[in-house]
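Q: Need a 3D model of the following:
(chains A, B, C and D)
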Number of protein chains: 4
Amino acid sequence: MRNAELKLTVPFHDVDSMHVVWHGHYAKYFELVRCLLLDDFDYNYDAMFESGFAWPVVDMRIKYIKPIKFNQKINIIATLTEWEYRLKIKYIIQDFSSNTTLTKGSTIQFAVCLQSNKMCFETPDVFRKKLGIA
Amino acid sequence: MRNAELKLTVPFHDVDSMHVVWHGHYAKYFELVRCLLLDDFDYNYDAMFESGFAWPVVDMRIKYIKPIKFNQKINIIATLTEWEYRLKIKYIIQDFSSNTTLTKGSTIQFAVCLQSNKMCFETPDVFRKKLGIA
Amino acid sequence: MRNAELKLTVPFHDVDSMHVVWHGHYAKYFELVRCLLLDDFDYNYDAMFESGFAWPVVDMRIKYIKPIKFNQKINIIATLTEWEYRLKIKYIIQDFSSNTTLTKGSTIQFAVCLQSNKMCFETPDVFRKKLGIA
Amino acid sequence: MRNAELKLTVPFHDVDSMHVVWHGHYAKYFELVRCLLLDDFDYNYDAMFESGFAWPVVDMRIKYIKPIKFNQKINIIATLTEWEYRLKIKYIIQDFSSNTTLTKGSTIQFAVCLQSNKMCFETPDVFRKKLGIA
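A: The predicted structure follows:
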């Protein structure tokens, strides 16, 4: 499976003075479900690090379709769409009860070798094995 | 002038366990300089609100070119590139001493009429006047 | 019941460059469980506001006993200890599997009447009823 | 000198839906001025780490006297009050133009030896020298 899903109730400290989630906090929602997705492959941040690689986010895009309110129950869905040369993950945030799409987004990550501090142009073998493609 | 610029020293609480600024915190840096830019037009959040409009961010894109470290001195530059139908602002983050480009990004904002709660398809007159185009 | 409890897995974005949760993020953990506690009385932020009162935090104390790590499963417990003149809530954070105490803390909140913008020196009737003491 | 001072304009992203700075963000304001204070002794986080010690915050107290608003200009003052066995720093936040006291607080930090991972019961010599007391 290349999907992960997380239900969340929006906390008070994420809401700004316009009574909606401040646009910068969405990166946290994406990360929570991205970590779940990577956990499924047994390749979360700790495992990445132990395998000798960091996977910095090099690109993030967020399209805010409808505002999200305090205490709203939302569903955050991550889908792994590219993995050969880089990790691309797409995100959708939905209202939990109506399934209305509230947000769309994506992140791109490259592997960086911790020893050489150089970017990898292919997904390292360690992760290819976890993905079941090597 | 349609530019604003801000010098910032990266605080400890923005740095993650990989010893670089966590990617989600860049939205704060963009906002700090966006507010300076809007202040120049005398149209910051308070003035927006008083004029009967909110300007939610509906799209944000960030390209992370080089990592940013704790205590690094950075320069954040905002340029207003569209204002007729929507506000588009482009951002560049540079290392303060070398001028190396570290990050590029953009945000798009639409005006929402607070009374009708409807999106405006043209920039409201109040802001056109402040921009000197009405 | 005057207790609430929440299980949480520590997210990556709460961890600082020393590989532990940054001390400022604990206020979020306290708030998450405080909101659960207030929900139990049907008196969360929205209900407070509708009843004509805000309940700002006027005092917060945190004692950091042991560090908390990325991905650690923790249990956050809130106990309402005072409610006659002010709300005092005590917090304990425990490691989920060992029950070791990691953190202790407290918050004090006063009611502020939204109409007069004045602090109340007694807990308003609306909340006394919800607490079952009026 | 055992004081540091910082002027700050409150950013939009620190303000909650009650139109005041969310109480958890004050830890950032304290940290900004604490880092300035430690910089004065040439003993900021990087220098601590290089000297073989971490200085985790083990206690934080905040007394919120008056609310702080978006765009308000504030003055944050840190004073080092204990340094023999532990670092105790006291904080005052004032309104910049009126000097009205808005917040009081304190943090306590202990030295932890990075090699043994043990807490030090005396301030290590490296910092005593920087303080001019050894």
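Q: which stretch of helix or strand covers the residue nearest the centre of chain A?
A: The residue at the geometric middle of chain A, judged as the C-alpha nearest the mean C-alpha position with C-alpha atoms, centre = their mean, is residue A:34 (3.2 Å). Element membership for residue A:34 (DSSP states H and E) is helix A:26-40.
Q: Determine if any part of that helix is in contact with chain D.
A: No: using C-beta under 8 Å from any C-beta of the partner chain, helix A:26-40 stays clear of chain D, with a minimum separation of 12.3 Å. Glycine gets a C-beta too; all of them are placed from N, C-alpha and C.
Q: Of all the residues in the next helix or strand after that helix, which ones are buried?
A: Reading on from helix A:26-40 to the C-terminus, the next helix or strand found by DSSP H and E is helix A:45-50. Applying a neighbour-count criterion of 16 or more other C-beta atoms under 10 Å in any protein chain shown, the buried positions in helix A:45-50 are A:45, A:47, A:48.
Q: Spatially nearest residue to the first one (excluding sequence neighbours)?
A: Ranked by C-beta to C-beta, 6 or more residues apart in numbering or on different chains and with sequence neighbours excluded, the top spatial neighbour of residue A:45 is residue C:12, at 5.6 Å.
Q: Phi and psi next, for that neighbour.
A: Its backbone dihedrals place residue C:12 at phi -60, psi -40, with angles given as degrees, to the nearest 10.
Q: ok, it - contacts?
A: Contacts here follow C-beta atoms under 8 Å, 6 or more residues apart in numbering or on different chains; on that basis residue C:12 touches A:31, A:35, A:45, B:16, B:17, B:22, C:70.
Q: roughly how far apart are it and chain D?
A: Counting by C-beta to the nearest C-beta, to the nearest Å, the gap between residue C:12 and chain D amounts to 18 Å.
Q: For that residue, give its distance to residue A:119.
A: The gap separating residue C:12 from residue A:119 is 21 Å, by C-beta to C-beta, to the nearest Å.
Q: helix, strand or coil for residue A:134?
A: Classification of residue A:134 using DSSP: H, G, I helix; E, B strand; the rest coil returns coil.
Q: what's the helix or strand for the residue lying closest to it once chain neighbours are set aside?
A: With C-beta to C-beta, 6+ apart as the criterion, residue A:134 has its nearest non-adjacent residue at 3.4 Å, and that residue is residue A:128. Assigned by DSSP H and E, residue A:128 belongs to helix A:125-131.
Q: for that helix, packing partners?
A: Using 3 or more C-beta pairs under 8 Å, 6 or more residues apart in numbering or on different chains; DSSP states H and E as the contact criterion, no secondary-structure element is in contact with helix A:125-131.
Q: Could you rerun that using 10 Å?
A: Using 3 or more C-beta pairs under 10 Å, 6 or more residues apart in numbering or on different chains; DSSP states H and E, the elements in contact with helix A:125-131 are helix A:26-40, helix A:45-50.
Q: can you list these in CSV and add mean pLDDT?
A: Shown next, in CSV, are those (pLDDT from 0 to 100):
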stretch, mean pLDDT
helix A:26-40, 96
helix A:45-50, 89
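Q: Below-threshold pLDDT in chain A: ranges please.
A: Counting by pLDDT under 70, chain A shows low-confidence ranges at A:1.
Q: Near chain C, which residues of it are found?
A: A:9, A:11-15, A:25, A:27-28, A:31-32, A:34-36, A:39, A:44-46, A:69-71 (C-beta under 10 Å from any C-beta of the partner chain).
Q: Report the buried members of these.
A: When burial is judged by neighbour count using 16+ other C-beta under 10 Å, the buried members of the residues of chain A next to chain C are A:12-15, A:25, A:27-28, A:31-32, A:34-36, A:39, A:44-45, A:70.
Q: out of those, which one sits closest to residue D:95?
A: Minimum separation from residue D:95 among those (C-beta to C-beta) is found for residue A:13, which lies at 23.7 Å.
Q: between the helices and strands packed on helix A:125-131, which gets nearest to residue A:99?
A: Between the helices and strands packed on helix A:125-131, helix A:26-40 lies closest to residue A:99; by C-beta to C-beta that is 16.3 Å.
Q: That closest one: how far from the chain's middle?
A: If you compare the mean C-alpha spot of helix A:26-40 with that of the full chain, they lie 4 Å apart, counting by C-alpha atoms, centre = their mean, to the nearest Å.
Q: Appreciated, that's everything.
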